[in-house]
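1. sequence and predicted model, in that order:
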Amino acid sequence: MSIEIELKYSVNEAFARQLLKQQHLGPYPLTHFQTVEIVDRYYDTANGHLAQKGYALRLRKQHQNVILQLKSLTTVQGALHRREELNIPVQDTDPDHWPNAPATELLKTLLDGHPMQELLTIHQRRHVAPLLNQQNQAFAQLSLDEVLWKVAGHMDRAWELEIELLPDADETQLQELERLLEDKLNMRPQPLSKFERGLALVGRSP
């Protein structure tokens with residue numbers, strides 16, 4: 001599994017729209033934003049076997065690409081989220097269609113023979129741009145997400161700012177950015193993942 005390290009903040013629409021017009025986030029240069037449409041469908045067993053073992057499972061569709069992703073439930077320190085992430089090379093949630101591979105065998109072990117059911121769907125319009133350090137090198141990807149949750153007849157909308165550290169980048173750069181965002185820009189950390197917030201809509205927790 002790879003380790004995903006990112007900052008997460010709740011933002012309002014006015015701030016998000018303004019940031020989309022900017023070329024900097026504080027002293028950090030931003031390059032051109034690109035927009036992608038993402039649909040995430042989350043699954044677990046009826047008794048929540050994956051959540052009990054500390055994981056969330058989603059089928060992500062982005063453009064014509066589909067991938068199954070297994071993520072550990074978030075370890076949070078302030079705005080900083082750290083979690084394991086495993087991309088599973090399958091196109092659907094039917095175990096009979098999965099190839100023999102270490103990733104799929106791990107997921108089958110976690111499911112322990114129990115069938116999966118869909119829990120919730122999250123639609124995102126994601127505006128992404130590389131974030132540059134003072135040496136003009138990309139060290140993180142900034143995402144401004146317009147999020148729509150659909151779960152058990154409930155719907156909710158929100159904006160969220162995520163800044164994910166790029167592979168092999170120095171984590172201290174993310175920590176310096178965190179201090180800037182909170183001390184200078186008074187940004188509010190978002191302690192919950194989008195999955196956890198979706199479950200909260202119907203009074204559930206992982």
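-> The structure has been received and is ready for your questions.

2. for residue 151, which non-adjacent residue is closest in space?
-> residue 120 (3.6 Å; CB to CB, 6 or more residues apart in numbering). C-betas here are computed from N, CA, C, even on glycine.

3. which other helices and strands contact the longest helix seen in the chain?
-> Determined from DSSP state H, the single longest helix within the chain is helix 171-183. Secondary-structure packing of helix 171-183 (3 or more CB pairs under 8 Å, 6 or more residues apart in numbering; DSSP states H and E): strand 2-11, strand 80-88, strand 138-151, strand 154-165.

4. who does the following helix or strand past it pair up with?
-> Beyond helix 171-183 in the direction of the C-terminus, DSSP states H and E gives the next helix or strand as strand 188-189. Sheet partners assigned to strand 188-189 using DSSP bridges are listed as strand 2-11 (antiparallel).

5. neighbouring contacts of the partner strand?
-> Strand 2-11 has contacts (CB atoms under 8 Å, 6 or more residues apart in numbering) with 19, 71, 79-86, 144, 158-165, 167, 171, 174, 177-178, 181, 187-191, 193.

6. quick one: buried ones out of those residues?
-> Those of the contacts of strand 2-11 that meet the buried threshold are 19, 71, 79-81, 83, 86, 144, 158-165, 174, 177-178, 181, 187, 189-190, 193, by 16 or more other CB atoms under 10 Å.
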